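# Provide a 3D model corresponding to the input given below.
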Amino acid sequence: MKKLFLFLTLLCYLTLITAQPEVALNAFASGFFSPVAIENAGDDRLFIVERDGRIKILNEDGTVNPTVFLNIDSQVINPTAGGDERGLLGLAFHPNYSGNGFFYVNYINNSGNTVISRFMVDTLDPNIADPNSETIFLTIAQPFSNHNGGDLNFGSDGYLYIAMGDGGSGGDPGNRAQSLNTLLGKILRIDVDTGSPYGIPSDNPFFNDGDDMTLDEIWAYGLRNPWRFSFDSLTDDIWIGDVGQGLFEEIDMAASDAAGLNYGWRCYEGNATFNTGGCPDISTLTFPVGVYSHNNDGLFKCSITGGFRYRGSENPNLYGTYIFADVCSDEVGVLEYDGNIWQMFFSGPFNSVGSISTFGEDMNGEIYAAGLTSGNIYQVVDANLSVDSFENSTFKMFPNPANNKLHFSFSGQFPAKIQIYDLQGKLSLLFEDLIDSRSTLPIGSLTQGMYIVAVVGNDDQITYKKLLIN
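The predicted structure is shown next:
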């Protein structure tokens, strides 16, 4: 009977985890005002960007430092109406931040123009920035108060990538996204470590192309409002959530070295024709890997919030999926590759979140989301994963994903045995007679894929954890 119960329990668990990916949002912190960006500086802190011009530090225990990291409210324009998307919009830390203390911001100044600038951390206090250390790198005129883009990230090549919207209004009336003589509607790429105030990487696609009108900073173009973009921490691929016009939202993706791509706006919205007058041949355009309509599944959607491809270890069933959201429906989307195509699933709506404005990664690759109107920060987790298996268990298992060895740390009584099953329910490995509070188990015989770890206590209570083998 006991073996039958174990089998049925395992079968139920396997059914849950092999279902389509579904996420949940676990409350992590609160008390922020219009958070629009979440970043880490290579340590266990999260930096929360508030649109009015403040950056605050969120600690790993959910507490918020009482002293603001940076306050440039006086330099940042405050939104004046519902369609006004301006403010302090982006933050990126230099790859050598621990050595030079440089970080970069993207904001709209009081004249209504985009500013890309650098600040420095205080030399004596790592939790405070020097507000007088600003060096401005770029100022870009904005014709309207929407479609500012705002994100910026360093690639693994050490260069700074900057997302710029098409300048606003609707339908890109200036055809800016397709024009190579404006920085609007683009992903830009600059070298912040050379030049004055910056340099142009020699492999930028339009650098030294012989056309004086083409701007050297452009890396990719044909974007409407790339509100959030990210780099896959494993493959370096770039992922862009580009806000649509009135019918479709899109997710664009490309290898990090794919220079000069044209993502198609204003010619196409998603995969659909929008305004093809004067547009290049369709064969020269790069179309999205994911599209959803504003009336998809009956819930009104309106604006994509780009996210991250999950590379953390706490939610193995989400590993490799791309996590994003929609601001209006407050749903979290998952884009999963099945070996042939990318499939899209939605979880939620999470109505209490209040407009999911951004995602961010911590130093371990775990993903967090922010609610613009609620001011709350949430951790993105696998909804199919038992909370008891992670938060209330008396042991830790790491790393996950793993390769040849799996480590356990027990804070209570040692278990009677540890069993590892494949997804067909077959016992792959068995470990018994554990005698130490820290144990290292050899798992080199396991092939790549997903497994279930069953930790069986002396009281026959079983805790399950998912394990990913790379």
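# From the recorded domain assignment, give the ranges for this protein.
Structural domains annotated on the chain: 2-11+387-469, 20-382, as defined by automatic domain parsing.
# can I assume L25 is in contact with I367?
No. L25 is not in contact with I367 according to CB atoms under 8 Å; the separation is 10.2 Å. Where C-beta positions appear, they are placed from N, C-alpha and C, glycine not excepted.
# Spell out which residues are contacts of both of those two.
Common contact partners of L25 and I367 (CB atoms under 8 Å, 6 or more residues apart in numbering): Q379, V380.
# ranges for the helices of the stretch 351-470 of the chain?
Applying DSSP state H, counting those that start in this stretch to the stretch 351-470 of the chain gives helices spanning 388-391.
# quick one: the strands in the stretch 51-200 of the chain?
Assigned strands in the stretch 51-200 of the chain, in chain order: 54-58, 70-71, 88-93, 102-108, 114-121, 129-140, 152-154, 160-164, 186-190 (criterion: DSSP state E, counting those that start in this stretch).
# what's across from L335 in the sheet?
For L335, the beta-bridge partners are Y322, M344 (DSSP bridges).
# again, but for V453
I420, K465.
# Likewise for Y268?
T273.
# Hmm, it is touching L285, no?
Yes. Using CB under 8 Å, Y268 is in contact with L285, at 6.9 Å.
# Looking at these two, which one has more neighbours?
Legend: neighbour count by other CB atoms under 10 Å for Y268 and L285, higher for Y268 (21 against 16).
# can you pull the pLDDT of the more buried one?
As predicted, Y268 sits at a pLDDT of 98.
# Quick one: residues contacting it.
Y268 neighbours (CB under 8 Å, 6+ apart): F274, T276, L285, F287.
# Reformat those residues as JSON lines; add pLDDT, distance to D436 and secondary structure.
Below are the contacts of Y268 laid out as JSON lines (pLDDT from 0 to 100; distance: CB to CB, whole Å; DSSP: H, G, I helix; E, B strand; the rest coil):
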{"residue": "F274", "pLDDT": "98", "distance to D436": "64", "secondary structure": "coil"}
{"residue": "T276", "pLDDT": "97", "distance to D436": "68", "secondary structure": "coil"}
{"residue": "L285", "pLDDT": "98", "distance to D436": "59", "secondary structure": "strand"}
{"residue": "F287", "pLDDT": "98", "distance to D436": "55", "secondary structure": "coil"}
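# Name the member of these with the most neighbours.
In terms of neighbours by other CB under 10 Å, these top out with F274 at 20 neighbours.
# gap between it and L215?
Applying CB to CB, to the nearest Å, the value for F274 to L215 is 24 Å.
# And for N65?
Per CB to CB, N65 is found 39 Å from L215.
# Mind checking which of those two has more residues around it?
Between N65 and L215, counted using other CB under 10 Å, the more crowded position is L215 (19 against 13).
# I figured that one hits G185, correct?
No. With contacts counted by CB under 8 Å, L215 stays clear of G185, the gap being 11.6 Å.
# Give me the common contacts of the two.
Shared contacts of L215 and G185 (CB under 8 Å, 6+ apart): none.
# For M253, list the residues it contacts.
D237, I238, W239, I240, P288, V289, Y322.
# Much appreciated, bye for now.
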